[in-house]
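>>> Give me a model of this one.
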Amino acid sequence: MSVSIHPYFKAHAGKREACFALMPTFVAATQPDKDCLYYEFTTQEDEIFCREAYACGAAALAHITTVGPLLEQMLGMADLTRLEIHGPAAELELMKPALAALNPAWFETVIGVTR
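Numbering: from 1, shown residues only. Here you go, the predicted model:
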């Protein structure tokens, strides 16, 4: 089963358009990643949500390393208001040490359909 990452951002006052302008750069950096199952941004006014999933925890961590500098840019213009990580228990355990500083909410996959 896959691992999904769900970061929610709130653009700082006057920074909404700058945050939006950074989104295509995130997508371009992610495009070559064959272990990325999906990656997209959705928005509601000043809120920005990145919907993303990876084949496994290691692939998700590799992605975070790839977009690290872009994430730092985004965090200069927006607050990370919530971070959720969803996946199988073993994959979450793999990711916990690397992401502990971001204080994510961890959701263990219980049952589902994978195609």
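
>>> Only C-alpha atoms from now on, for both contacts and neighbour counts.
OK.

>>> which residues in this structure form helices?
16-30, 57-75, 89-99 (DSSP state H).

>>> Let's have those helices in CSV, adding mean pLDDT and distance to residue 2.
Compiled in CSV, these are given as follows (pLDDT from 0 to 100; distance: least, C-alpha to C-alpha, whole Å):
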stretch, mean pLDDT, distance to residue 2
helix 16-30, 98, 16
helix 57-75, 97, 8
helix 89-99, 97, 9
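
>>> quick one, which of the ones you listed is nearest to residue 51?
The stretch from the helices of the chain with the least distance to residue 51 (C-alpha to C-alpha) is helix 16-30; that distance is 11.4 Å.

>>> ok, back up a step: ok, which of the helices of the chain comes nearest residue 48?
helix 16-30 (8.5 Å).

>>> Could you dump the helices of the chain into a markdown table with distance to residue 1 added?
Shown next, in a markdown table, are those (distance: least, C-alpha to C-alpha, whole Å):
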| stretch | distance to residue 1 |
| --- | --- |
| helix 16-30 | 20 |
| helix 57-75 | 10 |
| helix 89-99 | 9 |
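
>>> right, so of those helices, which gets closest to residue 5?
Taking C-alpha to C-alpha as the criterion, helix 57-75 is the member of the helices of the chain that comes nearest to residue 5, at 7.8 Å.

>>> got the angle between that closest one and helix 16-30?
150 degrees (axes from the mean of the first three to the mean of the last three C-alpha atoms, to 10 degrees).

>>> For helix 57-75, enumerate the helices and strands it packs against.
Based on contacts counted as 3 or more C-alpha pairs under 8 Å, 6 or more residues apart in numbering; DSSP states H and E, the elements that helix 57-75 packs against are strand 3-11, helix 16-30, helix 89-99.

>>> Put together JSON lines for those, with mean neighbour count and distance to residue 77 on each row.
Rendered in JSON lines, the data for these read as follows (neighbours: other C-alpha atoms under 10 Å; distance: least, C-alpha to C-alpha, whole Å):
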{"stretch": "strand 3-11", "mean neighbour count": "22", "distance to residue 77": "6"}
{"stretch": "helix 16-30", "mean neighbour count": "15", "distance to residue 77": "7"}
{"stretch": "helix 89-99", "mean neighbour count": "15", "distance to residue 77": "21"}
